[in-house]
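Undergrad: sequence-free structure coming up:
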């Protein structure tokens, strides 16, 4: 909220009257002693106190208050503190000293330099006063984004978006709500934050503003005048982070997380095999095992849950997704190698009061979703998220091989979460989630009650139960908002009972995770640090056929991360962590991230670091369960997970993000290159023999090179174009021979067009996928041999939606996927002999099903 002119006038009148009253009380020297005593008892004076913003106001007024002080009101514009106090109890000198000790100069006293430097960036009044600019020089606009609670107290909003209207140029507010943006001319800023009404503000270079956003149910008369980008590179993050908002997710049906990347060129999502319906992501040319998946920075589906983890997160629960390539922060652990995907779920305090979604496609798959949220008093809020997806059609068989392309069954998931905020720095949240999933697949004639674990028909059944609980507690020091600590806790139990033809696989994983984080500054906010300790404990119990794999894996460690910031030009994050794994001993994880801004619209980022993880060879390679291949673990050592070493890799990356104008519209251009070198890798070798799969430690080279170029352009108002090209060079040593990694496309092209008009939204996506190497089947009989390379192919998806109503909006959407009706004709080798030695459903390089149409409706009460 920019302080209104009328409000400024009223404040000045009030100060004048208070000052006049004080002067009158002390100026009547001919009054009686009794009158003088009465006047002295309740004196009012003004003191000049220096500060910059509303946060300064809160700090100054809080410092001024004390014994004998009745009121203390500081005006941001006049820099005058109006003080009403009892001079028989305190003195102005004592009050001034308290203010100076809080970091604010007065006319007669100056705060110590070390105290002043502890103030947040937005409160550095000396820096602002000493800054001079020439007439032709760009000037910084500085400000603070805040919200106002029920008592009228201001609270900074971290992560608010501040963009120059009509462009992609902008920043995000920091933990103190502070932002700084360089401008060369008078323009408009659009300020937005999830759950709050956006504001458009006229601004001049060099101006300092304070902005108070109102929640969406407070100011109906405020008109939203700008659109936020559906996905964007976070401009203030030293680590290159792509933020995908809910608007981006609405470009497709997004029934679950696996479908949330259809409009993203960086991530590939493909089926693991031809019968289970499980999917995996692919980032930097590496399988999803090497990408750390987190839910609000807590561990997401991992370990046993890896093959089906993407299906377990409903799209309607997702608020936003943050995608990072390469290694991430040491604060989040040591496992990220190819990247990190962090999913932010709907928040109790900002989510819709009611959000319902119904989806159905022409194959019969149906999704039902219901989200409920409510505020309970001033401090508590809660949300209940429900999801049910089911498919009963067992006749989906596009290639007519007698096998269902998709398993039938039902998945139910529910989450209840709570949040506490006392508006004084103490935050807490906790919740729990349950999931139950039943899948039936295999041949179309398979009936579990009759044919389970028999050779009559090939069938599979996967029954999963998962129970999760989590909690977070944090405290932000009110007077030093750069200082805080937090504790993260989570636990889950994952149970899976399954069979694949005559093969059984039952597994249980129990996990406990805790992470303590403390952050503060060194001297001033240019030097920040985070430090803490974490513990991850996993208990695995897997029964594969007659082999029982059990292990308890406990990893305890500590970390320290230092961040240096120099103006807007340079950010350096240097982190290191040390961990002890009870199976593999002590190891160190160093990581470095640099962001450099040589020009106002140019950003260069560099990332370097180490990652380590333990491979879960059966769960992460579920395709071996749907084939007749013999599983061999070569050169296994006792005491290790499956007798194999941990996977260790070093990742290096560089990226460039550039903005420029074309026909008065902003174009964003980005390119990145990442190389990943494995020091050790668990090799999954299906090339040595078509009837075996061998697991062994890397003996030789294994690397991934990834290059991507992408551009986004608003062709005309509300018409967005996104183009991208990606090149992979991924090779691994298999039995002393360096080969191209199988089932990875070297080339990929991507185009997405989105248009909005009068409540209508149109989205069209086309992707080109290059050829992929297929593992050798030369030792199979002729009828069971397949080509050594797949063909290239093009996929097209489209969706149209219409929003109806404003107070209670309803979205109706229709769409189609794989509009070219392209699918892999030979998904399974030897489908006519499912119990023979050549049966293999793991050679999937393309879509397993053809053209699909869907429809749905969304209803919201905000």
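TA: Arrived safely. Not measured: the values here are computed from a predicted model.
Undergrad: what residue lies at the spatial centre of the chain?
TA: The C-alpha lying nearest the average C-alpha coordinate of the chain belongs to residue 322 (Cα atoms, centre = their mean; 3.0 Å).
Undergrad: which residues touch the helix or strand containing that one?
TA: Secondary structure from DSSP states H and E places residue 322 in strand 318-325. Applying Cβ atoms under 8 Å, 6 or more residues apart in numbering, the contact partners of strand 318-325 are 194, 234, 239-246, 249, 254, 257, 260, 264, 266-267, 283-284, 336, 338-347, 351, 607, 653, 655, 672, 674, 706. C-betas here are computed from N, CA, C, even on glycine.
Undergrad: Sketch out the strands for the stretch 751-862 of the chain, chain order is fine.
TA: Assigned by DSSP state E, counting those that start in this stretch, the stretch 751-862 of the chain shows strands spanning 760-769, 793-804, 810-817, 852-861.
Undergrad: in the third one, what counts as buried?
TA: Buried residues in strand 810-817, defined by neighbour count with 16 or more other Cβ atoms under 10 Å: 811, 813, 815-817.
Undergrad: just to revisit the earlier point, now render the strands of the stretch 751-862 of the chain as TSV, adding distance to residue 843 and mean pLDDT.
TA: Shown next, in TSV, are these (distance: least, Cβ to Cβ, whole Å; pLDDT from 0 to 100):
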stretch	distance to residue 843	mean pLDDT
strand 760-769	16	95
strand 793-804	16	95
strand 810-817	22	95
strand 852-861	22	94
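Undergrad: so which of those comes closest to residue 116?
TA: The minimum distance between residue 116 and the strands of the stretch 751-862 of the chain falls on strand 852-861, with 47.1 Å, by Cβ to Cβ.
Undergrad: Contacts for the closest one, please.
TA: So strand 852-861 is in contact with 253, 352-363, 367, 808-818, going by Cβ under 8 Å, 6+ apart.
Undergrad: Stretch 364-374 now?
TA: Here stretch 364-374 makes contact (Cβ under 8 Å, 6+ apart) with 255, 314, 316-317, 346, 348-349, 351-360, 381-393, 396, 406, 856.
Undergrad: For residue 841, which residues are in contact?
TA: 273-275, 403, 623, 626-627, 827-829 are the contacts of residue 841 under Cβ under 8 Å, 6+ apart.
Undergrad: Please give the element, helix or strand, for residue 638.
TA: Using DSSP H and E, residue 638 maps to neither a helix nor a strand.
Undergrad: remind me which residues of this structure are low pLDDT?
TA: By pLDDT under 70, the weakly predicted segments of the chain are 1-42, 77-78, 128-139, 148-154, 168, 194-195, 206, 215-228, 236.
Undergrad: ok so, going back, who does the residue nearest to the centre of the chain form a beta bridge with?
TA: Residue 322 forms beta bridges with residue 243, residue 342, as assigned by DSSP bridges.
Undergrad: returning to that earlier point: closest to residue 647 out of the buried residues of strand 810-817?
TA: residue 817 (33.7 Å).
Undergrad: Now do the same contact list for the closest one.
TA: Shown in contact with residue 817 (Cβ under 8 Å, 6+ apart): 252-253, 262, 797, 851-854.
Undergrad: and if you look at residue 780?
TA: By Cβ under 8 Å, 6+ apart, the residues touching residue 780 are 690-691, 829, 838.
Undergrad: can you name the two of those that are farthest apart?
TA: Across the contacts of residue 780 (Cβ to Cβ), the longest gap, 10.6 Å, separates 691 and 829.
Undergrad: joint contacts of the two?
TA: Common contact partners of residue 691 and residue 829 (Cβ under 8 Å, 6+ apart): 780, 838.
Undergrad: Which one of the two is surrounded by more residues?
TA: The residue with more neighbours, out of residue 691 and residue 829, is residue 829; 22 against 17, by other Cβ atoms under 10 Å.
Undergrad: Next, count neighbours for the closest residue to residue 846 other than its chain neighbours.
TA: Excluding the flanking residues, the one nearest residue 846 by Cβ to Cβ, 6 or more residues apart in numbering is residue 824, at 4.2 Å. Using other Cβ under 10 Å, residue 824 has 21 neighbouring residues.
Undergrad: ok, now the one 4 residues further on?
TA: Burial of residue 828 is recorded as 25 neighbouring residues (other Cβ under 10 Å).
Undergrad: May I have the residues that are in contact with it?
TA: 274-275, 401, 403, 839-841.
Undergrad: which among these gets closest to residue 296?
TA: residue 275 (33.2 Å).
Undergrad: which residues does the closest one contact?
TA: Residue 275 touches 403-404, 407, 441-442, 460, 626, 828, 841, counting by Cβ under 8 Å, 6+ apart.
Undergrad: Tell me the one of those residues nearest residue 568?
TA: Checking the contacts of residue 275 against residue 568 by Cβ to Cβ gives residue 407 as the nearest, at 51.6 Å.
Undergrad: if I pick the closest one, what's in contact with it?
TA: By Cβ under 8 Å, 6+ apart, the contact list for residue 407 reads 275-277, 391, 439-441, 460, 462.
Undergrad: who wins for neighbours among the residues you listed?
TA: Of those, with other Cβ under 10 Å as the count, residue 275 tops at 31 neighbours.
Undergrad: Any chance of the backbone angles for that residue?
TA: For residue 275, the backbone dihedrals (degrees, to the nearest 10) come out as phi -130, psi -30.
Undergrad: Distance-wise, check it relative to residue 454.
TA: As judged by Cβ to Cβ, to the nearest Å, residue 275 and residue 454 stand 17 Å apart.
Undergrad: Residue 590 is in contact with residue 609, correct?
TA: Yes - Residue 609 is in contact with residue 590 according to Cβ atoms under 8 Å; the separation is 6.2 Å.
Undergrad: what residues are shared contacts of the two?
TA: Both residue 609 and residue 590 are in contact with residue 575, where contact means Cβ under 8 Å, 6+ apart.
Undergrad: For residue 70, which non-adjacent residue is closest in space?
TA: Distance criterion Cβ to Cβ, 6+ apart; nearest residue to residue 70, sequence neighbours excluded, is residue 84 at 4.6 Å.
Undergrad: Surely the one you found touches residue 43?
TA: Yes - using Cβ under 8 Å, residue 84 is in contact with residue 43, at 7.3 Å.
Undergrad: As a check, name the ranges of all strands in the stretch 551-700 of the chain.
TA: 570-581, 585-599, 602-613, 630-633, 647-662, 665-680, 682-685, 692-697.
Undergrad: Same check on the stretch 251-400 of the chain?
TA: Shown for the stretch 251-400 of the chain, the strands assigned by DSSP E, counting those that start in this stretch span residues 268-271, 279-283, 286-287, 291-295, 298-299, 318-325, 339-345, 354-361, 366-376, 380-391.
Undergrad: Now render those strands as JSON lines, adding distance to residue 212.
TA: Converted to JSON lines, these look like this (distance: least, Cβ to Cβ, whole Å):
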{"stretch": "strand 268-271", "distance to residue 212": "41"}
{"stretch": "strand 279-283", "distance to residue 212": "40"}
{"stretch": "strand 286-287", "distance to residue 212": "45"}
{"stretch": "strand 291-295", "distance to residue 212": "31"}
{"stretch": "strand 298-299", "distance to residue 212": "32"}
{"stretch": "strand 318-325", "distance to residue 212": "23"}
{"stretch": "strand 339-345", "distance to residue 212": "24"}
{"stretch": "strand 354-361", "distance to residue 212": "27"}
{"stretch": "strand 366-376", "distance to residue 212": "19"}
{"stretch": "strand 380-391", "distance to residue 212": "20"}
